[in-house]
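>>> give me a 3D structure for the following:
(one chain, ligands or ions: 2)
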Amino acid sequence: MKYLVTGGAGFIGGNFIHYMVNKYPEDMIVNLDKLTYAGNLETCKPVEGKPNYKFIKGDIADRPFIMDLFEKEKFDVVINFAAESHVDRSIEDPEIFVKTNVMGTTTLMDACVKYGIKRYHQVSTDEVYGDLPLDRPDLFFTEETPLHTSSPYSSAKASADLFVLAYHRTYGLPVTISRCSNNYGPYQFPEKLIPLMISRALADEPLPVYGDGANVRDWLHVYDHCVAIDLIVHDGREGEVYNVGGHNERNNLQVVKTILKTLDKPESLIHFVADRKGHDRRYAIDPKKLETELGWKPKYNFDTGMQQTIQWHLDHKEWWQHILSGEYQQYYEKMYTDKGRV
Ligand code: NAD
Ligand code: DAU
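Ligands and ions are numbered 1, 2, ... in the order given. I've put the predicted structure just below:
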(Lines give C-alpha, C1' and ligand atoms only; values in the text may rest on other atoms or scores of the structure.)
(Ligands and ions follow the chains in the order given, each with its own letter.)
Protein backbone atom coordinates (compact mmCIF):
# COMPACT_ATOMS: atom_id res chain seq x y z
CA MET A 1 0.00 0.00 0.00
CA LYS A 2 1.28 3.49 -0.84
CA TYR A 3 0.07 6.37 1.35
CA LEU A 4 0.30 10.07 0.59
CA VAL A 5 0.30 11.99 3.88
CA THR A 6 0.16 15.76 3.38
CA GLY A 7 1.34 18.19 6.05
CA GLY A 8 3.61 15.56 7.60
CA ALA A 9 6.21 18.12 8.69
CA GLY A 10 3.61 19.71 10.97
CA PHE A 11 2.45 18.70 14.42
CA ILE A 12 -0.27 16.06 13.92
CA GLY A 13 0.90 14.97 10.47
CA GLY A 14 4.42 14.50 11.86
CA ASN A 15 3.19 12.34 14.73
CA PHE A 16 1.06 10.37 12.26
CA ILE A 17 4.07 9.79 9.97
CA HIS A 18 6.08 8.38 12.91
CA TYR A 19 3.15 6.14 13.83
CA MET A 20 2.55 4.82 10.29
CA VAL A 21 6.19 4.31 9.27
CA ASN A 22 6.76 2.18 12.37
CA LYS A 23 3.43 0.35 12.33
CA TYR A 24 3.40 -0.58 8.62
CA PRO A 25 7.01 -1.39 7.57
CA GLU A 26 5.75 -3.12 4.40
CA ASP A 27 3.87 -0.01 3.23
CA MET A 28 5.31 3.17 1.68
CA ILE A 29 4.57 6.47 3.40
CA VAL A 30 5.13 9.59 1.29
CA ASN A 31 5.17 12.90 3.16
CA LEU A 32 4.21 15.94 1.05
CA ASP A 33 4.68 19.29 2.77
CA LYS A 34 5.10 22.87 1.57
CA LEU A 35 7.27 23.69 4.61
CA THR A 36 5.44 26.83 5.64
CA TYR A 37 6.46 28.51 8.90
CA ALA A 38 4.73 25.56 10.67
CA GLY A 39 6.50 22.79 8.76
CA ASN A 40 9.64 21.55 10.47
CA LEU A 41 11.80 18.80 9.05
CA GLU A 42 13.40 18.28 12.45
CA THR A 43 10.08 16.66 13.36
CA CYS A 44 10.69 14.04 10.65
CA LYS A 45 14.25 13.19 11.76
CA PRO A 46 13.21 9.98 13.63
CA VAL A 47 12.00 8.44 10.34
CA GLU A 48 14.48 9.96 7.88
CA GLY A 49 16.42 7.21 6.12
CA LYS A 50 13.81 4.48 6.76
CA PRO A 51 13.18 2.49 3.55
CA ASN A 52 9.38 2.93 3.71
CA TYR A 53 9.50 6.75 4.08
CA LYS A 54 10.02 9.55 1.56
CA PHE A 55 9.71 13.34 1.85
CA ILE A 56 8.62 15.57 -1.03
CA LYS A 57 8.42 19.36 -0.78
CA GLY A 58 5.35 20.81 -2.52
CA ASP A 59 2.09 22.72 -2.26
CA ILE A 60 -1.25 20.86 -2.24
CA ALA A 61 -2.81 23.83 -4.05
CA ASP A 62 -0.28 23.71 -6.93
CA ARG A 63 -2.41 21.91 -9.53
CA PRO A 64 0.20 21.07 -12.21
CA PHE A 65 2.60 19.80 -9.54
CA ILE A 66 -0.08 17.68 -7.83
CA MET A 67 -1.31 16.15 -11.10
CA ASP A 68 2.26 15.29 -12.06
CA LEU A 69 2.96 13.78 -8.64
CA PHE A 70 -0.15 11.56 -8.74
CA GLU A 71 0.65 10.36 -12.24
CA LYS A 72 4.17 9.35 -11.17
CA GLU A 73 3.53 7.95 -7.70
CA LYS A 74 0.24 6.03 -8.03
CA PHE A 75 -0.99 6.45 -4.45
CA ASP A 76 -3.51 4.03 -2.91
CA VAL A 77 -4.57 6.21 0.03
CA VAL A 78 -4.42 9.99 0.60
CA ILE A 79 -4.63 11.48 4.09
CA ASN A 80 -4.82 15.27 4.09
CA PHE A 81 -3.42 17.04 7.16
CA ALA A 82 -1.96 19.99 5.23
CA ALA A 83 -3.59 23.23 6.30
CA GLU A 84 -3.13 26.64 7.76
CA SER A 85 -4.11 25.71 11.30
CA HIS A 86 -3.90 28.74 13.61
CA VAL A 87 -7.10 30.68 14.39
CA ASP A 88 -5.26 33.88 15.38
CA ARG A 89 -3.40 33.97 12.05
CA SER A 90 -6.69 33.45 10.16
CA ILE A 91 -8.11 36.55 11.85
CA GLU A 92 -5.11 38.59 10.63
CA ASP A 93 -4.95 37.18 7.08
CA PRO A 94 -7.81 34.90 5.93
CA GLU A 95 -6.86 34.50 2.26
CA ILE A 96 -4.15 31.85 2.57
CA PHE A 97 -6.66 29.80 4.61
CA VAL A 98 -9.01 29.72 1.61
CA LYS A 99 -6.16 28.88 -0.76
CA THR A 100 -4.64 26.02 1.24
CA ASN A 101 -7.55 24.66 3.25
CA VAL A 102 -10.23 24.86 0.54
CA MET A 103 -8.48 24.98 -2.84
CA GLY A 104 -5.69 22.66 -1.69
CA THR A 105 -8.34 20.11 -0.70
CA THR A 106 -10.20 20.32 -4.03
CA THR A 107 -6.92 20.11 -5.96
CA LEU A 108 -5.93 16.94 -4.11
CA MET A 109 -9.37 15.42 -4.63
CA ASP A 110 -9.35 16.28 -8.36
CA ALA A 111 -6.13 14.29 -8.63
CA CYS A 112 -7.73 11.42 -6.66
CA VAL A 113 -10.72 11.39 -9.03
CA LYS A 114 -8.47 11.48 -12.11
CA TYR A 115 -5.94 8.83 -11.03
CA GLY A 116 -8.15 6.72 -8.73
CA ILE A 117 -7.48 5.88 -5.07
CA LYS A 118 -8.89 3.47 -2.48
CA ARG A 119 -9.51 6.15 0.18
CA TYR A 120 -9.26 9.93 0.61
CA HIS A 121 -9.28 10.98 4.26
CA GLN A 122 -9.80 14.59 5.32
CA VAL A 123 -8.45 15.63 8.73
CA SER A 124 -10.97 18.17 9.97
CA THR A 125 -11.78 19.83 13.25
CA ASP A 126 -14.53 20.19 15.85
CA GLU A 127 -14.37 23.96 15.20
CA VAL A 128 -16.67 23.43 12.18
CA TYR A 129 -19.55 23.03 14.69
CA GLY A 130 -18.98 26.49 16.22
CA ASP A 131 -19.15 26.62 20.01
CA LEU A 132 -21.33 25.48 22.91
CA PRO A 133 -22.50 27.61 25.86
CA LEU A 134 -20.54 27.32 29.12
CA ASP A 135 -23.74 26.85 31.17
CA ARG A 136 -24.91 23.71 29.29
CA PRO A 137 -22.41 20.96 30.22
CA ASP A 138 -24.95 18.40 28.98
CA LEU A 139 -24.44 19.47 25.33
CA PHE A 140 -21.82 17.85 23.06
CA PHE A 141 -20.95 17.96 19.35
CA THR A 142 -22.22 14.91 17.47
CA GLU A 143 -21.69 14.20 13.77
CA GLU A 144 -25.23 15.57 13.22
CA THR A 145 -24.56 18.94 14.85
CA PRO A 146 -25.05 21.65 12.18
CA LEU A 147 -21.95 23.44 10.86
CA HIS A 148 -21.87 26.92 12.38
CA THR A 149 -18.40 28.42 12.15
CA SER A 150 -16.90 31.44 13.93
CA SER A 151 -13.44 32.17 12.48
CA PRO A 152 -11.96 32.36 8.97
CA TYR A 153 -10.00 29.19 9.89
CA SER A 154 -13.05 27.16 10.87
CA SER A 155 -15.03 28.51 7.91
CA ALA A 156 -12.34 27.32 5.50
CA LYS A 157 -12.24 23.89 7.21
CA ALA A 158 -16.05 23.56 7.08
CA SER A 159 -16.04 24.59 3.43
CA ALA A 160 -13.46 21.89 2.67
CA ASP A 161 -15.61 19.31 4.51
CA LEU A 162 -18.58 20.19 2.30
CA PHE A 163 -16.45 19.75 -0.82
CA VAL A 164 -15.25 16.36 0.45
CA LEU A 165 -18.82 15.14 0.95
CA ALA A 166 -19.82 16.61 -2.43
CA TYR A 167 -16.98 14.73 -4.19
CA HIS A 168 -18.28 11.53 -2.60
CA ARG A 169 -21.82 12.05 -3.79
CA THR A 170 -21.03 13.58 -7.20
CA TYR A 171 -17.95 11.64 -8.32
CA GLY A 172 -18.18 8.59 -6.04
CA LEU A 173 -14.81 9.41 -4.41
CA PRO A 174 -14.30 7.04 -1.42
CA VAL A 175 -13.92 9.61 1.35
CA THR A 176 -13.97 9.78 5.14
CA ILE A 177 -13.71 12.81 7.44
CA SER A 178 -12.51 12.99 11.05
CA ARG A 179 -13.40 15.98 13.23
CA CYS A 180 -11.11 16.13 16.24
CA SER A 181 -10.95 18.31 19.32
CA ASN A 182 -7.82 20.23 20.44
CA ASN A 183 -4.65 18.15 20.21
CA TYR A 184 -1.52 18.43 22.32
CA GLY A 185 1.67 16.40 22.63
CA PRO A 186 5.18 16.22 21.11
CA TYR A 187 6.22 18.46 18.18
CA GLN A 188 3.42 21.05 18.45
CA PHE A 189 4.37 24.47 17.08
CA PRO A 190 4.85 26.87 20.02
CA GLU A 191 2.18 29.32 18.86
CA LYS A 192 -0.58 27.03 20.25
CA LEU A 193 -1.72 27.29 23.88
CA ILE A 194 0.06 24.35 25.55
CA PRO A 195 3.55 24.49 23.95
CA LEU A 196 3.49 28.31 24.10
CA MET A 197 2.76 28.26 27.83
CA ILE A 198 5.33 25.53 28.57
CA SER A 199 8.12 27.33 26.70
CA ARG A 200 7.28 30.70 28.25
CA ALA A 201 6.93 29.31 31.77
CA LEU A 202 10.35 27.65 31.46
CA ALA A 203 11.79 31.05 30.49
CA ASP A 204 9.90 32.80 33.35
CA GLU A 205 8.07 34.95 30.80
CA PRO A 206 4.46 36.19 31.20
CA LEU A 207 1.77 33.73 30.06
CA PRO A 208 -0.84 35.60 27.96
CA VAL A 209 -4.34 34.29 28.77
CA TYR A 210 -7.05 35.66 26.47
CA GLY A 211 -10.12 37.30 28.03
CA ASP A 212 -11.21 35.74 31.33
CA GLY A 213 -9.50 32.36 30.71
CA ALA A 214 -12.84 30.55 31.09
CA ASN A 215 -13.01 29.23 27.50
CA VAL A 216 -13.19 25.44 27.45
CA ARG A 217 -11.40 23.07 25.09
CA ASP A 218 -11.67 19.25 24.94
CA TRP A 219 -8.00 18.17 24.99
CA LEU A 220 -6.84 15.03 23.19
CA HIS A 221 -3.31 13.65 23.12
CA VAL A 222 -2.05 13.54 19.52
CA TYR A 223 -1.22 9.82 19.80
CA ASP A 224 -4.90 9.01 20.35
CA HIS A 225 -5.82 11.13 17.32
CA CYS A 226 -3.33 9.17 15.17
CA VAL A 227 -4.83 5.85 16.31
CA ALA A 228 -8.32 7.14 15.44
CA ILE A 229 -7.29 8.20 11.92
CA ASP A 230 -5.62 4.82 11.29
CA LEU A 231 -8.87 3.07 12.34
CA ILE A 232 -11.09 5.34 10.24
CA VAL A 233 -8.91 5.04 7.12
CA HIS A 234 -8.88 1.23 7.35
CA ASP A 235 -12.30 0.38 8.80
CA GLY A 236 -14.44 3.54 8.59
CA ARG A 237 -17.41 3.61 6.23
CA GLU A 238 -17.09 5.61 3.01
CA GLY A 239 -18.90 8.95 3.01
CA GLU A 240 -18.97 9.08 6.82
CA VAL A 241 -17.85 11.67 9.36
CA TYR A 242 -16.31 10.54 12.69
CA ASN A 243 -15.87 12.83 15.70
CA VAL A 244 -12.69 12.29 17.74
CA GLY A 245 -12.39 13.38 21.38
CA GLY A 246 -11.86 11.88 24.81
CA HIS A 247 -14.03 13.90 27.24
CA ASN A 248 -11.12 15.92 28.66
CA GLU A 249 -12.72 19.33 29.01
CA ARG A 250 -10.65 21.98 30.77
CA ASN A 251 -10.80 25.75 30.72
CA ASN A 252 -7.70 27.68 29.68
CA LEU A 253 -6.88 28.82 33.21
CA GLN A 254 -6.96 25.21 34.43
CA VAL A 255 -4.58 24.21 31.62
CA VAL A 256 -2.15 27.04 32.37
CA LYS A 257 -2.22 26.38 36.12
CA THR A 258 -1.50 22.67 35.51
CA ILE A 259 1.59 23.64 33.52
CA LEU A 260 2.79 26.10 36.17
CA LYS A 261 2.26 23.61 38.99
CA THR A 262 4.08 20.80 37.16
CA LEU A 263 7.03 23.08 36.37
CA ASP A 264 7.01 24.53 39.89
CA LYS A 265 6.49 28.09 38.60
CA PRO A 266 4.41 30.85 40.27
CA GLU A 267 0.87 31.75 39.15
CA SER A 268 2.00 35.38 39.11
CA LEU A 269 3.32 34.60 35.60
CA ILE A 270 -0.32 34.57 34.36
CA HIS A 271 -1.23 37.78 32.50
CA PHE A 272 -4.75 38.39 31.24
CA VAL A 273 -4.68 40.01 27.79
CA ALA A 274 -7.28 41.23 25.26
CA ASP A 275 -9.64 38.48 24.09
CA ARG A 276 -9.46 36.81 20.67
CA LYS A 277 -12.07 38.24 18.25
CA GLY A 278 -15.08 35.91 17.94
CA HIS A 279 -13.53 33.62 20.59
CA ASP A 280 -15.40 30.27 20.80
CA ARG A 281 -16.50 29.58 24.38
CA ARG A 282 -16.62 25.79 24.62
CA TYR A 283 -15.84 22.73 22.50
CA ALA A 284 -16.90 19.25 23.62
CA ILE A 285 -16.98 16.09 21.53
CA ASP A 286 -19.29 13.10 21.72
CA PRO A 287 -17.07 10.28 20.35
CA LYS A 288 -19.72 7.51 20.64
CA LYS A 289 -19.76 6.69 16.91
CA LEU A 290 -15.98 6.14 16.78
CA GLU A 291 -16.03 4.09 19.99
CA THR A 292 -18.95 1.83 19.12
CA GLU A 293 -18.33 1.39 15.36
CA LEU A 294 -14.55 1.17 15.35
CA GLY A 295 -13.66 0.29 18.95
CA TRP A 296 -11.52 3.41 19.52
CA LYS A 297 -10.38 3.97 23.09
CA PRO A 298 -7.93 6.73 24.10
CA LYS A 299 -4.70 5.72 25.87
CA TYR A 300 -4.21 9.07 27.65
CA ASN A 301 -6.41 11.13 29.93
CA PHE A 302 -5.66 14.82 30.49
CA ASP A 303 -3.38 14.22 33.51
CA THR A 304 -1.26 11.44 31.99
CA GLY A 305 -1.14 13.21 28.60
CA MET A 306 -0.01 16.50 30.14
CA GLN A 307 2.70 14.80 32.21
CA GLN A 308 4.02 13.10 29.07
CA THR A 309 3.88 16.34 27.06
CA ILE A 310 5.59 18.52 29.67
CA GLN A 311 8.30 15.88 30.12
CA TRP A 312 8.77 15.72 26.33
CA HIS A 313 9.32 19.50 26.24
CA LEU A 314 11.91 19.19 29.03
CA ASP A 315 13.68 16.36 27.16
CA HIS A 316 13.54 18.02 23.72
CA LYS A 317 14.38 21.65 24.45
CA GLU A 318 16.51 21.87 21.31
CA TRP A 319 13.44 21.10 19.12
CA TRP A 320 11.34 24.05 20.28
CA GLN A 321 14.30 26.34 21.00
CA HIS A 322 15.41 26.01 17.36
CA ILE A 323 11.96 27.20 16.29
CA LEU A 324 11.97 30.11 18.67
CA SER A 325 15.45 31.14 17.53
CA GLY A 326 14.66 30.64 13.83
CA GLU A 327 17.43 28.01 13.59
CA TYR A 328 15.16 25.51 11.90
CA GLN A 329 14.92 27.74 8.84
CA GLN A 330 18.69 27.39 8.44
CA TYR A 331 18.26 23.62 8.78
CA TYR A 332 16.00 23.61 5.69
CA GLU A 333 18.53 25.57 3.71
CA LYS A 334 21.36 23.28 4.75
CA MET A 335 19.48 20.01 4.29
CA TYR A 336 17.35 20.77 1.27
CA THR A 337 18.31 23.82 -0.77
CA ASP A 338 22.07 23.22 -0.77
CA LYS A 339 21.61 19.56 -1.61
CA GLY A 340 19.17 20.37 -4.41
CA ARG A 341 16.34 18.38 -2.80
CA VAL A 342 13.70 21.08 -3.20
P1 NAD B 1 0.39 22.53 11.75
O2 NAD B 1 0.17 23.96 11.45
O3 NAD B 1 1.27 22.12 12.87
O4 NAD B 1 0.95 21.79 10.43
C5 NAD B 1 0.44 22.04 9.15
C6 NAD B 1 1.43 21.45 8.14
O7 NAD B 1 0.87 21.64 6.83
C8 NAD B 1 2.80 22.15 8.14
O9 NAD B 1 3.83 21.20 8.08
C10 NAD B 1 2.77 23.00 6.88
O11 NAD B 1 4.05 23.20 6.31
C12 NAD B 1 1.88 22.15 5.98
N13 NAD B 1 1.23 22.95 4.92
C14 NAD B 1 0.58 24.13 5.06
N15 NAD B 1 0.14 24.55 3.87
C16 NAD B 1 0.48 23.61 2.96
C17 NAD B 1 0.28 23.47 1.56
N18 NAD B 1 -0.36 24.41 0.86
N19 NAD B 1 0.75 22.36 0.95
C20 NAD B 1 1.44 21.41 1.64
N21 NAD B 1 1.67 21.51 2.97
C22 NAD B 1 1.19 22.59 3.62
O23 NAD B 1 -1.06 21.91 11.91
P24 NAD B 1 -1.60 20.73 12.87
O25 NAD B 1 -1.96 21.31 14.16
O26 NAD B 1 -0.67 19.60 12.78
O27 NAD B 1 -2.96 20.37 12.11
C28 NAD B 1 -2.98 19.38 11.08
C29 NAD B 1 -4.40 19.22 10.58
O30 NAD B 1 -5.25 18.81 11.66
C31 NAD B 1 -5.01 20.51 10.02
O32 NAD B 1 -5.79 20.15 8.90
C33 NAD B 1 -5.90 21.00 11.15
O34 NAD B 1 -6.97 21.75 10.65
C35 NAD B 1 -6.35 19.70 11.78
N36 NAD B 1 -6.68 19.73 13.22
C37 NAD B 1 -5.81 20.26 14.12
C38 NAD B 1 -6.11 20.20 15.48
C39 NAD B 1 -5.15 20.76 16.53
O40 NAD B 1 -5.51 20.81 17.70
N41 NAD B 1 -3.94 21.13 16.18
C42 NAD B 1 -7.30 19.62 15.91
C43 NAD B 1 -8.19 19.11 14.95
C44 NAD B 1 -7.85 19.15 13.61
O1 DAU C 1 -10.45 22.35 18.29
C2 DAU C 1 -9.52 22.01 17.32
C3 DAU C 1 -8.68 23.22 16.98
O4 DAU C 1 -7.81 23.45 18.08
C5 DAU C 1 -7.87 23.02 15.70
O6 DAU C 1 -8.75 22.90 14.62
C7 DAU C 1 -6.90 24.21 15.47
O8 DAU C 1 -6.08 23.94 14.35
C9 DAU C 1 -6.04 24.36 16.71
O10 DAU C 1 -5.19 25.47 16.56
C11 DAU C 1 -6.90 24.52 17.96
O12 DAU C 1 -7.61 25.78 17.93
P13 DAU C 1 -7.72 26.72 19.24
O14 DAU C 1 -7.96 28.10 18.80
O15 DAU C 1 -8.65 26.13 20.22
O16 DAU C 1 -6.22 26.53 19.82
P17 DAU C 1 -5.18 27.56 20.47
O18 DAU C 1 -4.05 26.75 21.01
O19 DAU C 1 -4.85 28.68 19.56
O20 DAU C 1 -6.00 28.16 21.69
C21 DAU C 1 -6.55 27.32 22.69
C22 DAU C 1 -7.29 28.22 23.68
O23 DAU C 1 -6.32 29.01 24.39
C24 DAU C 1 -8.23 29.21 23.04
O25 DAU C 1 -9.37 29.37 23.88
C26 DAU C 1 -7.45 30.51 22.97
C27 DAU C 1 -6.57 30.42 24.21
N28 DAU C 1 -5.24 31.08 24.12
C29 DAU C 1 -4.45 30.75 23.06
C30 DAU C 1 -3.20 31.32 22.93
C31 DAU C 1 -2.31 30.99 21.74
C32 DAU C 1 -4.84 31.95 25.09
O33 DAU C 1 -5.56 32.21 26.07
N34 DAU C 1 -3.59 32.52 24.98
C35 DAU C 1 -2.76 32.28 23.93
O36 DAU C 1 -1.64 32.84 23.86
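>>> bridging residues for Phe272?
Val209 (DSSP bridges).
>>> for it, which residues are in contact?
Contacts for Phe272 (CB atoms under 8 Å, 6 or more residues apart in numbering) come out as 209, 211-213. Glycine gets a C-beta too; all of them are placed from N, C-alpha and C.
>>> which among those count as buried?
209, 213 (16 or more other CB atoms under 10 Å).
>>> format the contacts of Phe272 as CSV; extra columns: secondary structure and pLDDT.
Listed next are these as CSV, based on DSSP: H, G, I helix; E, B strand; the rest coil; pLDDT from 0 to 100:
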residue, secondary structure, pLDDT
Val209, strand, 97
Gly211, coil, 98
Asp212, coil, 97
Gly213, coil, 98
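>>> how about the strands in the stretch 1-150 of the chain?
In the stretch 1-150 of the chain, the segments counted as strands under DSSP state E, counting those that start in this stretch are 2-6, 28-33, 53-57, 77-80, 119-125.
>>> which bits of the protein sit near ligand 2?
85-87, 125-127, 181-182, 192-193, 196, 208-210, 215, 217, 252, 276, 283 (CB under 6 Å from any ligand atom).
>>> quick one on the thing from earlier: format the strands of the stretch 1-150 of the chain as a markdown table; extra columns: mean pLDDT and mean neighbour count.
As requested, these are exported to a markdown table (pLDDT from 0 to 100; neighbours: other CB atoms under 10 Å):
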| stretch | mean pLDDT | mean neighbour count |
| --- | --- | --- |
| strand 2-6 | 99 | 24 |
| strand 28-33 | 98 | 25 |
| strand 53-57 | 98 | 18 |
| strand 77-80 | 99 | 25 |
| strand 119-125 | 99 | 24 |
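>>> same list (those) but as CSV, adding distance to Trp319.
Below are the strands of the stretch 1-150 of the chain laid out as CSV (distance: least, CB to CB, whole Å):
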stretch, distance to Trp319
strand 2-6, 20
strand 28-33, 17
strand 53-57, 17
strand 77-80, 24
strand 119-125, 22
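>>> now those in a markdown table, with distance to ligand 1?
Output for the strands of the stretch 1-150 of the chain, formatted as a markdown table (distance: least, CB to the nearest ligand atom, whole Å):
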| stretch | distance to ligand 1 |
| --- | --- |
| strand 2-6 | 6 |
| strand 28-33 | 5 |
| strand 53-57 | 9 |
| strand 77-80 | 7 |
| strand 119-125 | 4 |
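>>> who's in contact with Asn251?
213-216.
>>> thinking again about what came up before, only whichever of the residues of the chain next to ligand 2 are buried, select them in PyMOL.
The PyMOL command for the buried members of the residues of the chain next to ligand 2 (criterion: 16+ other CB under 10 Å) is given here:
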select buried, resi 85+86+87+125+126+127+181+182+192+193+196+209+215+217+252+283
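>>> where does the chain dip in pLDDT?
Within the chain, the stretches with pLDDT under 70 are 328-329, 331-342.
>>> how about a cut-off of 80?
327-342 (pLDDT under 80).
>>> re earlier: closest to Lys34 among the contacts of Asn251?
Asn215 (30.3 Å; CB to CB).
>>> quick one, what contacts the closest one?
251-252, 279-282.
>>> how about the strands in the stretch 151-300 of the chain?
Using DSSP E, counting those that start in this stretch, strands in the stretch 151-300 of the chain cover 175-180, 183-184, 207-210, 216-218, 220-221, 240-244, 249-251, 270-273.
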